[in-house]
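Participant: fold the following.
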Amino acid sequence: MKTLITAAALALTAFSASAMVDTTAIQQYAPNADVSTLSDAEVNTILSIIHSGDSESEKRATIQALVK
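Facilitator: As a prediction, the model looks like this:
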């Protein structure tokens, strides 16, 4: 039982840490955007855009349009 609780705590910690990194990446393209209101699907779409081969200005414009 202790192992299960420890594993769950570690998984939640890892999830929280990855969410903070994602938020930081989004904030670089859309400063002052309220990412807490975005769904998981929207965050994943934005992260796909960030890691795409588009130009920085195209990424910024697309992401800003999505978070508004």
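Participant: for the chain, which residues score under the pLDDT cut-off?
Facilitator: Within the chain, the stretches with pLDDT under 70 are 1-22.
Participant: can you rerun that using 50?
Facilitator: 14, 16-18, 21 (pLDDT under 50).
Participant: quick one: the helices in it?
Facilitator: 2-29, 40-50, 56-67 (DSSP state H).
Participant: could you dump stretch 58-68 to PDB, C-alpha only?
Facilitator: Only the C-alpha atoms of stretch 58-68 are listed here, as PDB (Å, rounded to 0.1, in the frame of the first residue of the first chain):
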ATOM      1  CA  GLU A  58       3.700  32.500 -37.300                       C
ATOM      2  CA  LYS A  59       3.900  30.500 -34.000                       C
ATOM      3  CA  ARG A  60       3.300  33.700 -32.000                       C
ATOM      4  CA  ALA A  61       0.300  34.800 -34.100                       C
ATOM      5  CA  THR A  62      -1.300  31.400 -34.100                       C
ATOM      6  CA  ILE A  63      -0.900  30.900 -30.300                       C
ATOM      7  CA  GLN A  64      -2.100  34.400 -29.500                       C
ATOM      8  CA  ALA A  65      -5.200  33.800 -31.600                       C
ATOM      9  CA  LEU A  66      -5.900  30.500 -29.800                       C
ATOM     10  CA  VAL A  67      -5.600  31.900 -26.200                       C
ATOM     11  CA  LYS A  68      -7.900  34.900 -26.800                       C
END
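Participant: which parts of it are buried?
Facilitator: For stretch 58-68, a neighbour-count test (16 or more other Cβ atoms under 10 Å) marks Lys59, Arg60, Thr62, Ile63, Leu66, Val67 as buried. Just so you know, the C-beta spots here come from the backbone N, C-alpha and C atoms, and that holds for glycine as well.
Participant: endpoints of stretch 35-42, how far apart?
Facilitator: 9 Å (Cα to Cα, to the nearest Å).
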